[in-house]
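Asks: Just the structure for this:
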Amino acid sequence: MVFQEVTIKNRAGIHARPASMLVQKASQFDAEIYIQKENDKINAKSIMGVLALGATYKTKLQIITEGEEEQQALEAIVELFENRFEEE
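Replies: Numbers count the residues shown, from 1 in each chain. Just a heads-up that it's a prediction; the model follows:
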């Protein structure tokens, strides 16, 4: 298991488009991928779970991955956050 904290940098937060990008990216890996916000922990491969987090601008999240491709999955998901989901 590996994890990393990220901060949402895009001003609109995680709305439908970034959530879709995140789920598509997460689904490419043979790993369990979770996003944790405070006490809420959701499966990153679930669009409804990602949207239900209500993650807004400057929210801090933990990305947690576990499985065969855990490191590659973590790096790919973190890159989405670092690139502001290609919005800005």
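Asks: For E32, give the beta-bridge partners.
Replies: E66 (DSSP bridges).
Asks: wait, it sits on G67?
Replies: Yes: contact status for E32 versus G67: in contact at 5.4 Å, counting by C-beta atoms under 8 Å. From N, CA and C alone the C-beta is placed, and that goes for glycine too.
Asks: ok, these two, which is more surrounded?
Replies: The neighbour comparison of E32 against G67 (other C-beta atoms under 10 Å) goes to E32, with 16 against 13.
Asks: mind checking pLDDT for the more buried one?
Replies: With respect to pLDDT, E32 scores 98.
Asks: What about I42, how many residues nearby?
Replies: By the criterion of other C-beta under 10 Å, I42 has 18 neighbours.
Asks: The nearest residue to it once chain neighbours are set aside and Q36, how far apart?
Replies: Sequence neighbours aside, G49 is the residue nearest to I42 in space, at 3.5 Å (criterion: C-beta to C-beta, 6 or more residues apart in numbering). Applying C-beta to C-beta, to the nearest Å, the value for G49 to Q36 is 11 Å.
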